[in-house]
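Chemist: sequence unknown, structure follows:
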């Protein structure tokens with residue numbers, strides 16, 4: 001397997017100060033460059049950029065995935081199981097409200113994975129997952 005190139009994702013937020021609090025203080029991301037209208041974060045080695053959009057509200061469309069109402073528009077990261085468990089505990093301690101409580105889905109199948117969904121303070125949905133066998137990330 002070759003090393004992955006970092007991805008770049010820009011997304012809207014209604015408050016840069018709340019974005020900084022969520023991504024830095026709660027998730028533990030480091031902050032990069034910024035201006036009055038945007039701020040970069042190091043999201044597990046990937047560059048995500050929160051852009052200030054006045055009047056922004058979250059998208060609330062959902063699809064059923066293995067019995068969960070999964071937000072259609074979301075982003076996230078695949079962690080090791082150890083990192084996923086640690087983050088799950090950290091988010092519970094921070095009293096974050098889960099859209100999908102930490103759980104294992106597709107149990108016993110090639111895509112068996114631990115998953116959880118939360119929203120940042122602007123309503124953007126994030127998924128954090130870990131595979132029982134990360135080598136089967138794209139298996140059917």
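Modeler: Nice, thanks for sending it over. Treat the numbers as computed from the prediction; the structure is a model and nothing was measured.
Chemist: mind giving me the domain split of this protein?
Modeler: 8-52, 62-136 (automatic domain parsing).
Chemist: gap between the two ends of the first one?
Modeler: Counting by CA to CA, to the nearest Å, the length from the leading to the trailing residue of domain 8-52 is 17 Å.
Chemist: next one: that domain to chain centre, how far?
Modeler: 12 Å (CA atoms, centre = their mean, to the nearest Å).
Chemist: Sheet-wise, list the partners of the lowest-mean-pLDDT helix or strand in the chain with their directions.
Modeler: Least confident helix or strand, the chain: strand 62-65 with a mean of 82, by mean pLDDT, DSSP states H and E. Note on strand 62-65: by DSSP bridges, its sheet partners are strand 68-71 (antiparallel).
Chemist: Beyond the partner strand, next helix or strand please.
Modeler: strand 74-78 (DSSP states H and E).
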